[in-house]
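# Can you look at this prediction? I've put the sequence above it.
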Amino acid sequence: MTRLGTLPVLFLLMFPAVPGVAHEIRPAYLDMRETGPDEFTVVWKVPAQGEMRLGLYASLPKPCMAKAEPARSIEGGAYLERWTVACAGGLKGGEIAINGLRSTMTEALVRIEYENRDTEVVRLMPEAPSFVTAGAQTGLDVARTYFLLGVDHILSGLDHLLFVLALILLIRDRWMLVKTITTFTIAHSITLAGASLGYFSLPQKPVEATIALSIAFVASELIKMKPGKSRLSESYPWVVAFAFGLLHGFGFAGALKEIGLPQSDVPLSLLTFNLGVEAGQLIFVAAALGVLRAAGALGTMQPALARQFSAYMIGTAAMLWLVSRIAGWTA
């Protein structure tokens, strides 16, 4: 790889340095649990910023009648409504829709747990904001939903992707890159599983701020690279990847909790969400390596200069995220 001239342009197209873009496209979540014959407790969760919430509204089948006014609250960056409905004849065959979803960039997850312990998990998108309830799903259907959520989460989480991109630019040996990415995967899988299962936890806002700091650290290591001199992060990048991978796992766990982790089928949803994260990460690594190879073939800028430019762009984005997250944490 001798030339990387198109890398700066491709970088700008792929990663706009917008401080709020890393995790603000969060899904809405509708949870319905049958507590008696044809009676359901409902929790409706919508992303919010302070007192401002997305204009999304859950529309239940017509036979479903609320037994009381919903209890409303703002909790942890989300607007919540809780109420109980009676659905004459049950939910099966009824249409559930998320009004307002078509005009957003987000999605909604609907989970229904019936009295006989059957479950139904459906992911609604702007182009398909409604579905007709089937009454039950197979484990494979539930697994597929959480797998796709994992893929989408990593591919829309620019902070995690920028960390991986910085590692790719930092490591020149392909075998070392494979070992480092594998170590990162193992580390965040450990904390994702442990935090999701309740074995340990960290406050989410400080975690998100520290994730931004981890990206800035790797970007600074890129800037300090010099020919003929190998820094600790270049000689043992897997150590850096493992340490920060543990931290990123807490970020994934927080996202999974936001999406809605069903307690009745935790192992299945946790495993398939994590597999989706890994699949998305591999897709990104393959795409990034392809872009770098194309840039090397077509460009006119020296590799060292291209890496410096990329490092400053990554570091700038990371520091913008850090400042905005600390501001949100202390607000």
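Structure's in. What do you need?

# Flag every buried residue along stretch 174-183.
176-177, 180-181, 183 (16 or more other Cβ atoms under 10 Å). C-betas here are computed from N, CA, C, even on glycine.

# Restricting to C-alpha, output that stretch in PDB.
Provided in PDB are the C-alpha atoms of stretch 174-183 (Å, rounded to 0.1, in the frame of the first residue of the first chain):
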ATOM      1  CA  ARG A 174      -2.700  -8.300   9.100                       C
ATOM      2  CA  TRP A 175      -2.200 -11.200  11.400                       C
ATOM      3  CA  MET A 176      -1.800  -8.900  14.400                       C
ATOM      4  CA  LEU A 177      -4.900  -7.100  13.300                       C
ATOM      5  CA  VAL A 178      -6.800 -10.400  13.300                       C
ATOM      6  CA  LYS A 179      -5.600 -11.100  16.800                       C
ATOM      7  CA  THR A 180      -6.400  -7.600  18.000                       C
ATOM      8  CA  ILE A 181     -10.000  -7.600  16.600                       C
ATOM      9  CA  THR A 182     -10.500 -11.100  18.100                       C
ATOM     10  CA  THR A 183      -9.300  -9.800  21.500                       C
END
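
# before we move on, back to that, generate CSV for the buried residues of stretch 174-183, with distance to V43 as supplementary columns.
Output for the buried residues of stretch 174-183, formatted as CSV (distance: Cβ to Cβ, whole Å):
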residue, distance to V43
M176, 46
L177, 43
T180, 40
I181, 37
T183, 38
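
# Please identify which of these is nearest to R293.
For those, the minimum distance to R293 (Cβ to Cβ) is 13.5 Å, reached by L177.

# How about the contacts made by the closest one?
167-168, 171 (Cβ atoms under 8 Å, 6 or more residues apart in numbering).

# how close does it sit to A241?
10 Å (Cβ to Cβ, to the nearest Å).

# next one: G315
Taken as Cβ to Cβ, the span from G315 to A241 is 18 Å.

# Settle it for me: which of these two has more neighbours?
More crowded of G315 and A241, by other Cβ atoms under 10 Å: A241, with 29 against 21.

# what's the helix or strand for that one?
helix 237-259 (DSSP states H and E).

# Show me the longest helix that occurs in this structure.
Longest helix in the chain, counting residues (DSSP state H): helix 266-298.

# For A134, state which of the buried residues of stretch 174-183 is nearest.
Nearest to A134, judged by Cβ to Cβ, of those is I181 at 38.6 Å.

# neighbours around the closest residue in space to the closest one that isn't next to it in sequence, how many?
In space, and not counting its chain neighbours, I181 is closest to V285: 6.3 Å by Cβ to Cβ, 6 or more residues apart in numbering. V285: 18 surrounding residues under other Cβ under 10 Å.

# Quick check, pLDDT for V285.
For V285, the model assigns a pLDDT of 90.

# What of the one 3 residues further on?
If you check A288, the pLDDT there is 87.

# Confirm for me that it is in contact with A166.
No. Using Cβ atoms under 8 Å, A288 is not in contact with A166; the gap is 10.6 Å.

# quick one: which of the two has more around it?
Legend: neighbour count by other Cβ under 10 Å for A288 and A166, higher for A166 (25 against 19).

# Tell me if the more buried one really is in a helix.
Yes. Assessed with DSSP: H, G, I helix; E, B strand; the rest coil, A166 lies in a helix.

# so how far is M105 from the closest residue to it other than its chain neighbours?
Closest residue to A166 apart from its sequence neighbours, by Cβ to Cβ, 6+ apart: V218 at 4.0 Å. V218 sits 28 Å away from M105, going by Cβ to Cβ.

# more crowded one of those two?
Remark: of V218 and M105, V218 carries more neighbours, 25 against 9, as counted by other Cβ under 10 Å.

# before we move on, could you check phi and psi at that one?
Dihedral pair for V218: phi -70, psi -40, per degrees, to the nearest 10.

# just checking, it touches L167?
Yes. Contact status for V218 versus L167: in contact at 6.5 Å, counting by Cβ under 8 Å.

# if I look at those two, which residues touch both of them?
Listed as contacting both V218 and L167 by Cβ under 8 Å, 6+ apart are V240.

# is it true that M32 lies in a strand?
Yes. Assessed by three-state DSSP, M32 belongs to a strand.

# mind checking pLDDT for L4?
L4 carries a pLDDT score of 47 in this model.

# shaky segments in the stretch 51-200 of the chain?
Nowhere does the stretch 51-200 of the chain drop to pLDDT under 70.

# need the strands for it, in chain order.
52-53, 57-59, 64-66, 71-75, 78-87, 95-99, 108-113, 119-124, 130-132 (DSSP state E, counting those that start in this stretch).

# list the buried ones in the third one?
Put plainly, it is strand 64-66. C64.

# Thanks again, I'm all set now.
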